[in-house]
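[1] All I have is the shape, not the residue letters:
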């Protein structure tokens, strides 16, 4: 207060003498009274101004993205919106090559195709060998041969598909009574004699309401445990085969395949997924009286096959030893043609390289496109990469994977230190122009980048609209028509902008 009053007095004297010159004290007093309110406001306004920041101030936040990088990110985003390159890649993988289950001729053709495409746009491309499982589906049929109210000489067809890795039934099939439980707790509460020698059905429903609210991945996580662990749980109680309700939200009598994992200490029994409608049919009939099913599954597990991860580098201009991965998985299940799972993820990763080359940009760090092999039934590709590059992991700056379809992107998931979210604020501002500015800290960003995640490499993935993804995921309906070109381009923009930003950051990411 004293300091302000002193400054006010000095200001008034300076103004009066400058304007009016020397004068009698009585006149000076009258003029000073008139000027007092204005001088008071001026002093207060000056006091409210923050002190000028010193360029060398230790409290100033270090730059994360240079003005040039931010300008280039906007160029990348605009070019992604206008490009159809990613869509053309999805179309070829889904329509021209088709399903790409590990070990198949189509998977081998996809490796060859993607490598050639990335080489054509100027990337440094090589293949890294990986041995993958070779499981073949075979015949899969089922029918209810005895049930309450049955007309003479009739059966009820049951629509199902073998789970990946399932063993076969005897050639003539299995004919046995069916028992139904909703969950593992209900199975454990049943006496063994009620399960032994029978076909077990886990009728655990996929939470469609949760998916409708945009939490499709969470709904999937809650239900998929029955696909992976159900067969061994049933075998421990003496079941001769295991069925699960399909893990998806579609109800168009489409079975949903996926990998099952047998426990080492239990017998392997045939395992299949039935459609939601047929699971309900069985569950409705069982309380009315005994029902019997005839089940035939003839899958085979053949010797492992040599395949490869496709690796394509754009060398960094300043830190070529530091690597930023952008990736998707090249293999798919065999019922559909793997458009959303995961030709889309491979395509947007290829588009990242395409856009950088097309715009003649020079990333500071090396950008590495990876088309992973064998995510669906073994993750052998990502595990082999982690093993082969173990000595270089410390130089992996970040890794990104797209494996959630091609729905409208909402932002970026990040498995990283909380401060990374603040560092990415300028990036979020750019992405928000297409409604993709969300930044979310998560515990997991992708199956193939998980080995890197576990050793501390910051990982990223696009946040995607998952409300409809599980209508088609792992079913015969995973085909090209499910890809919306505009939304695929939006995903390309999010991925390419994020990866280029990572490659050009002025600061290292905290670990």
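    On my side now, so go ahead. Small disclaimer: the values here were computed from a predicted structure and weren't measured.
[2] Now residue 358: closest residue in space that isn't a chain neighbour?
    Using Cβ to Cβ, 6 or more residues apart in numbering and skipping the chain neighbours, the partner closest in space to residue 358 is residue 79 (6.7 Å). Any C-beta I mention is one placed from the backbone N, CA and C, and that applies to glycine too.
[3] Quick check, pLDDT for that neighbour.
    Residue 79 carries a pLDDT value of 98.
[4] same for the helix or strand it falls within, what does it pack against?
    Here residue 79 sits within helix 67-82, counting by DSSP states H and E. Judged by 3 or more Cβ pairs under 8 Å, 6 or more residues apart in numbering; DSSP states H and E, helix 67-82 is in contact with helix 344-358, helix 425-431, helix 485-503.
[5] my guess is the residue nearest to residue 358 contacts residue 357, does it?
    No - Residue 79 is beyond contact range of residue 357, at 10.9 Å (criterion: Cβ atoms under 8 Å).
[6] Who has more neighbours out of the two?
    residue 79 (21 against 15; other Cβ atoms under 10 Å).
[7] how near is the more buried one to residue 119?
    21 Å (Cβ to Cβ, to the nearest Å).
[8] Now do the contacts for the residue nearest to residue 358.
    355, 358, 359 (Cβ atoms under 8 Å, 6 or more residues apart in numbering).
[9] Reformat these as a markdown table; add neighbour count and distance to residue 175.
    Formatted as a markdown table, those follow (neighbours: other Cβ atoms under 10 Å; distance: Cβ to Cβ, whole Å):
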| residue | neighbour count | distance to residue 175 |
| --- | --- | --- |
| 355 | 28 | 58 |
| 358 | 15 | 61 |
| 359 | 15 | 64 |
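[10] So, low pLDDT: which residues of the stretch 101-250 of the chain?
    Counting by pLDDT under 70, the stretch 101-250 of the chain has no low-confidence residues at all.
[11] which residues in it form strands?
    Secondary structure of the stretch 101-250 of the chain (DSSP state E, counting those that start in this stretch): strands at 124-136, 140-146, 156-158, 160-162, 174-181, 199-202, 241-245.
[12] out of those strands, nearest to residue 365?
    strand 124-136 (14.3 Å; Cβ to Cβ).
[13] ok, and for that closest one, which residues are buried?
    Residues of strand 124-136 classed as buried: 125, 127, 128, 130, 131, 132, 133, 134, 135 (neighbour count, 16 or more other Cβ atoms under 10 Å).
[14] thought the first one was touching residue 314?
    No - under the contact definition of Cβ under 8 Å, residue 125 does not touch residue 314, with a separation of 10.7 Å.
[15] now the helix holding residue 79 against helix 485-503, angle please.
    On the basis of axes from the mean of the first three to the mean of the last three Cα atoms, to 10 degrees, helix 67-82 is oriented at 160 degrees to helix 485-503.
[16] Could you list the buried residues of helix 67-82?
    Of the residues in helix 67-82, 69, 70, 72, 73, 76, 77, 79, 80 count as buried by neighbour count, 16+ other Cβ under 10 Å.
[17] Among those, which one lies nearest to residue 274?
    Of the buried residues of helix 67-82, the one sitting nearest to residue 274 (Cβ to Cβ) turns out to be residue 80, at 41.0 Å.
[18] Please report how far that closest one lies from residue 161.
    Distance from residue 80 to residue 161, by Cβ to Cβ: 36 Å.
[19] next one: residue 398
    37 Å.
[20] just to revisit the earlier point, dump the contacts of residue 79 to a markdown table, plus distance to residue 458 and pLDDT.
    Converted to a markdown table, those look like this (distance: Cβ to Cβ, whole Å; pLDDT from 0 to 100):
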| residue | distance to residue 458 | pLDDT |
| --- | --- | --- |
| 355 | 22 | 98 |
| 358 | 27 | 98 |
| 359 | 25 | 98 |
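[21] I'd like the residues you listed as a markdown table, with distance to residue 251 appended.
    Output for the contacts of residue 79, formatted as a markdown table (distance: Cβ to Cβ, whole Å):
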| residue | distance to residue 251 |
| --- | --- |
| 355 | 39 |
| 358 | 43 |
| 359 | 45 |
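[22] tell me the SS of the nearest residue to residue 349 once chain neighbours are set aside?
    Spatial nearest neighbour of residue 349, excluding adjacent residues (Cβ to Cβ, 6+ apart): residue 326 at 4.6 Å. What DSSP: H, G, I helix; E, B strand; the rest coil gives for residue 326 is strand.
[23] Any idea how many residues pack against residue 326?
    29.
[24] and it, what is it in contact with?
    349, 352, 353, 367, 368, 369, 370, 400, 495, 499.
[25] tell me which of those residues is nearest to residue 420?
    Of all the contacts of residue 326, residue 420 sits closest to residue 400, with 13.0 Å by Cβ to Cβ.
[26] what helix or strand is that closest one on?
    strand 396-401.
[27] helices and strands around the helix or strand that that strand is followed by, which ones?
    Scanning forward in sequence from strand 396-401 by DSSP H and E, the next helix or strand is strand 409-415. Where contact means 3+ Cβ pairs under 8 Å, 6+ apart, strand 409-415 is packed against helix 425-431, strand 438-441, strand 459-464, helix 485-503.
[28] could you redo the last one with a cut-off of 6 Å?
    Judged by 3 or more Cβ pairs under 6 Å, 6 or more residues apart in numbering; DSSP states H and E, strand 409-415 is in contact with strand 438-441, strand 459-464, helix 485-503.
[29] Specify the angle between it and helix 344-358 in degrees.
    Using the same axes, to 10 degrees: strand 409-415 against helix 344-358 is 90 degrees.
[30] Give me the distance between strand 409-415 and the centre of its chain.
    Its chain's C-alpha centre and that of strand 409-415 lie 9 Å apart, by Cα atoms, centre = their mean, to the nearest Å.
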